[in-house]
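Participant: below is the structure, and that's it, no one-letter string:
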C-alpha cells in the first residue's frame, strides 16, 4: 500500500487499497494477534462489539493498543484508551482527546483519514505499514498498524481497536 490510496469509495462504491492482505506472514506478531483474535470473537453473522473482548485474552497487546470511539454527523474519533507504550511514543497522554485535535497531520493525510473511514463504512479491518504520522519519536521510521472495527449492535461501527508497532531505520521494533 502506498500513501496515495483514496480516502473515498470509487464510482462503484468499492474501497481500494485498505483491505487485509491474504499473506500475513510478514506482519508483526502483535498485529497478527489482534486480527486473529478479532476473527475469533466475531459472531458468525455480525461484527464483534466491545462486549466480546476479554482484556486478559489479549494482554500482550494493550501497551501498544489504542481504542477510538466513533461519532457521526460529522464523523469524528475520540481516544477511549491509549496504551502505555503508545503514550510514551506520543510524548503525552491522549485518552479522552479528539483524534483530529491530538494529531491534525494524521487526519489531514488522505491515506490515514481514508483508512479510518474505510473501517467505519465497511466494518472491515485494515492493516498498513508505512511512514508514521503521529509520533514525535525521532527513531521511528516505519509504523505497522492493524485496526479492527467493533460494533455494540453487531452492525454499526461504534469503536475501533488498533495495535501499532513502530520500527527504527534498520527495521527493529521500538
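Facilitator: The structure has been received and is ready for your questions. Since we're looking at a predicted model, the values are computed, not measured. Residues are numbered from 1 along each chain as shown.

Participant: wait, isn't residue 129 in contact with residue 146?
Facilitator: No. Counting by Cβ atoms under 8 Å, residue 129 stays clear of residue 146, with 9.9 Å between them. Any C-beta I mention is one placed from the backbone N, CA and C, and that applies to glycine too.

Participant: mind listing the residues bridging to the residue most central in space within the chain?
Facilitator: Most central in the chain under Cα atoms, centre = their mean is residue 147, positioned 2.9 Å from the mean C-alpha point. Beta-bridge pairing for residue 147 (DSSP bridges): residue 126, residue 162.

Participant: how near is it to residue 168?
Facilitator: For residue 147, the distance to residue 168 (Cβ to Cβ, to the nearest Å) stands at 23 Å.

Participant: repeat for residue 133
Facilitator: 17 Å.

Participant: do residue 50 as well
Facilitator: 33 Å.

Participant: same thing with residue 103?
Facilitator: Taking Cβ to Cβ, one finds residue 103 at 21 Å from residue 168.

Participant: neighbour count for the two, which is higher?
Facilitator: residue 103 (20 against 14; other Cβ atoms under 10 Å).

Participant: confirm for me that residue 125 is in contact with residue 38.
Facilitator: Yes. With contact defined as Cβ under 8 Å, residue 125 and residue 38 form a contacting pair (6.2 Å).

Participant: return every residue with contacts to both of the two.
Facilitator: Counting by Cβ atoms under 8 Å, 6 or more residues apart in numbering, the contacts common to residue 125 and residue 38 are residue 148.
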